[in-house]
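**Student:** Pasting a predicted model and its sequence here:
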Amino acid sequence: MKPSDDYYYQLDAAHQREVDWQAGYEIALDEVATEIDNDLKQGDQTHYHELTEMLCDNDNFWLAIGSGASYEPYRQEAIKKIAERELHARMNDYDPD
């Protein structure tokens, strides 16, 4: 085994850990977004004002409303941004003790 083989093995392992972490993050983000979406549909007011503010600031949302098109993609995008903030807050609040 050449010394370079060990280096490439370590590099490959580090890359695989990064890919695994990204996949885990995306799964967690989708779960949080689904949770927020379900809460909003059930009338929970926790994220209602934040969602409303994000949609009101989006010009494409108003164009969709005015033209009678579906605004669901803009709603899902806003929910994903809220979920991302919430997931980052959860990660930063982690206390192993």
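**Tutor:** Happy to help now that I have it.

**Student:** for the chain, what are the low-confidence residue spans?
**Tutor:** For the chain, residues meeting the criterion pLDDT under 70 lie at 1, 94-97.

**Student:** which helix is the longest one in it?
**Tutor:** Among all segments of the chain classified by DSSP state H, the helix with the greatest residue count is helix 3-41.

**Student:** So which elements touch it?
**Tutor:** Under the contact criterion of 3 or more CB pairs under 8 Å, 6 or more residues apart in numbering; DSSP states H and E, helix 3-41 touches helix 72-92. Quick note: C-beta positions are derived from backbone N, CA and C, even for glycine.

**Student:** The longest helix of the chain: which residues count as buried?
**Tutor:** Along helix 3-41, these residues count as buried under the neighbour rule (16 or more other CB atoms under 10 Å): L29, V32, A33, I36, D37, L40.

**Student:** what does stretch 61-80 give?
**Tutor:** F61, A64, Y71, Y74, R75, A78, I79, K80.

**Student:** Please apply the same query to stretch 50-61.
**Tutor:** E50, L51, M54, L55, N58, F61.
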